[in-house]
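Undergrad: Pasting the sequence and the predicted coordinates here, then a few questions.
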Amino acid sequence: MAYPILMLLIGSVLITVLMIGVVPKVTAIFASLDRALPWYTSLLIFVSQSFASPVSHGLLFGALVGAGAFLLTHRPVEPVRAGVVSVTPKKPSKSGAMAALLVGGFVAILELVFRAESLKFLLSLLPGLLLGAGVGSFIAWLRTEKGRLARDTLILNLPIFGSLFQMIAVARFASTLASLLASGVQLLRAMDIVRAVIGNAALEKVIEEAATAIREGESIAEPLKRSKRFPPIVTHMIAVGEKSGQLEQMLEAVATSYESTVEIRITALTSILEPLMIVIMGGAVGFIAFAILMPLIQMNDFNQ
């Protein structure tokens, strides 16, 4: 998955440089012409001007400063559950928020010093700050217990990727629980440890409810089956392992099967994403070249 992400980053930087540094210089010659431009060239010029406008800069850097300031000062308070391993998310890091403040402030100073249209930049800072504060508050909410639960539930319900994240979590659950039980850790203690390392708040809640049910005398498989978050084949194999006294072996089999399935699925997704990213980035660069060259070709034909 690293290669498509790297392509996306490089392509985004390349397109941004073209839109800000190259397109305005090339399309400046169109302004002196008394001719109507094609719609795609007009669209390209509008997008390029939007990228380079002081209003866009004010919104962007106001948002950086607002989000950084909010995250720097906000500290969510989470309840600590007694008797179990705490899974409270870490406090927001000061380094990221401070970096946002420094970058936003530095670029704001440069904008005010070197640009003639600094008034537009200043006027757009306020909505940018409000936008950044809203983004920062949303990020801070995602770090709370309710926010993590809502986010991870949404992740599990995503098309294509939701099932992949579910398989990763199930494989982690099965392999960790199998290792702990094989090492002699008691079941309830093992369930608490697994809940802390599974990495998905929705499944953490399921495991916590399963541990409560186990304390009341139920089996492991039943509460997992009721949650409908674990695939039926997994709960069936766990039930068989409990009845036959081979729970560790069944969990290891589930972990091995799901880990191999996850690897195959990731390989398939990567093989699809690579050409898709090439087509998207190539199409964007091709559109820019087409929108610039076509008016020039048309002018040449008109002069002849």
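TA: Received the coordinates, thanks.
Undergrad: Next one: L177, what pLDDT does it get?
TA: Per-residue pLDDT puts L177 at 92.
Undergrad: Report how many residues lie close to the residue nearest to it when sequence neighbours are not counted.
TA: Among residues not flanking L177 along the chain, V194 sits closest, at 5.1 Å (C-beta to C-beta, 6 or more residues apart in numbering). Just so you know, the C-beta spots here come from the backbone N, C-alpha and C atoms, and that holds for glycine as well. V194 is flanked by 24 other residues according to other C-beta atoms under 10 Å.
Undergrad: again with the one 3 residues further on
TA: If you count neighbours by other C-beta under 10 Å, V197 ends up with 12.
Undergrad: now do I15
TA: 17.
Undergrad: Same question for V135.
TA: V135 has 16 neighbours, counted by other C-beta under 10 Å.
Undergrad: And it, how far from Q246?
TA: For V135, the distance to Q246 (C-beta to C-beta, to the nearest Å) stands at 50 Å.
Undergrad: for I160, phi and psi?
TA: Taking degrees, to the nearest 10, you get phi 70, psi -60 for the backbone angles of I160.
Undergrad: which SSE is the closest residue to it other than its chain neighbours in?
TA: Leaving aside its sequence neighbours, I160 sits nearest to L269 (C-beta to C-beta, 6+ apart; 7.7 Å). Assigned by DSSP states H and E, L269 falls within helix 247-303.
Undergrad: got the domain boundaries for the chain?
TA: Domains of the chain are assigned by automatic domain parsing as 15-76+90-144+275-303, 154-263.
Undergrad: Assign R229 to helix, strand or coil.
TA: Three-state assignment for R229 (DSSP: H, G, I helix; E, B strand; the rest coil): coil.
Undergrad: residues in contact with it?
TA: By C-beta atoms under 8 Å, 6 or more residues apart in numbering, the residues touching R229 are 156, 166, 202-203, 206.
Undergrad: Would you convert these into TSV that also reports neighbour count, distance to F51 and pLDDT?
TA: Shown next, in TSV, are these (neighbours: other C-beta atoms under 10 Å; distance: C-beta to C-beta, whole Å; pLDDT from 0 to 100):
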residue	neighbour count	distance to F51	pLDDT
L156	17	36	91
Q166	22	39	91
A202	21	39	91
L203	25	42	92
V206	22	46	92
